[in-house]
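>>> sequence first, then the predicted structure:
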Amino acid sequence: MGKSTDAPVARIIAAGIARMASSPRREDIELAMEEGVMEAMPRLEKRTAYLATLANIATLLGLLGTIIGLIQAFTAVASADPAEKAALLSSSIAVAMNTTAFGLIAAIPLLMAHAMLVSKTTEIIDSLEMAGVKCLNIISHTQETPRARSQDAAPAKA
């Protein structure tokens with residue numbers, strides 16, 4: 001296996017194998033593999049927060065539009081003649097409701113996409129950790145097996 005791969009699992013296993021060359025202790029190998037997982041996490045979580053931020057911005061823009069529409073409604077009622085008040089009031093309230101609706105129309109799918117992306121990211125990180133543990137168990141088992149065989153082969157002292 002070459003070092004030219006970008007696959008996180010390969011880098012995690014390579015880190016464990018590289019550490020095994022300098023220290024056969026399970027804890028040291030495990031720490032090296034955990035470092036590999038921690039290096040992979042930022043790439044997976046890199047832009048996830050943008051979706052949540054966009055959803056919050058969409059909600060706030062909808063709220064801002066509502067406030068602007070209500071301000072227009074009160075301003076129109078204050079300075080308009082009685083015959084025009086109903087038409088100005090209803091059009092201003094329509095602006096307020098439309099901006100609220102558009103903000104929610106944008107925010108809800110963004111929040112759903114964010115939740116799905118966070119769930120998928122967590123699933124990937126868990127699978128990387130599981131692959132690391134499985135590899136570590138294989139490495140530990142292979143290291144223990146020769147020792148056990150050599151102890152079994154040693155003659156018992158009386």
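Structure's in. What do you need?
>>> just the element for residue 6, please.
Per DSSP states H and E: residue 6 is located in neither a helix nor a strand.
>>> what of residue 126?
Applying DSSP H and E as the criterion places residue 126 in helix 82-153.
>>> let's test this: mean pLDDT of that helix, rounded?
Helix 82-153 carries an average pLDDT of 84.
>>> same question for stretch 125-132: list its buried residues.
125, 128, 131, 132 (16 or more other C-beta atoms under 10 Å). From N, CA and C alone the C-beta is placed, and that goes for glycine too.
>>> any chance of these in a markdown table, plus distance to residue 8?
A markdown table is the format used below for those (distance: C-beta to C-beta, whole Å):
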| residue | distance to residue 8 |
| --- | --- |
| 125 | 9 |
| 128 | 6 |
| 131 | 9 |
| 132 | 10 |
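>>> quick one: which of those is nearest residue 20?
Here the nearest of the buried residues of stretch 125-132 to residue 20, counting by C-beta to C-beta, is residue 132; it sits at 13.0 Å.
>>> that closest one against residue 38, yeah?
No: checked against C-beta atoms under 8 Å, the pair residue 132 and residue 38 is beyond contact range at 11.0 Å.
>>> neighbours of the closest residue to residue 40 other than its chain neighbours, how many?
Leaving aside its sequence neighbours, residue 40 sits nearest to residue 8 (C-beta to C-beta, 6 or more residues apart in numbering; 3.8 Å). Neighbouring residues of residue 8 were enumerated by other C-beta atoms under 10 Å; the total is 21.
>>> now residue 140
The burial metric for residue 140, expressed as a neighbour count using other C-beta under 10 Å, is 16.
>>> report the contact partners of it.
The contact partners of residue 140, by C-beta atoms under 8 Å, 6 or more residues apart in numbering, come to 26, 29.
>>> against residue 71, how distant is it?
Using C-beta to C-beta, to the nearest Å, residue 140 is found at 68 Å from residue 71.
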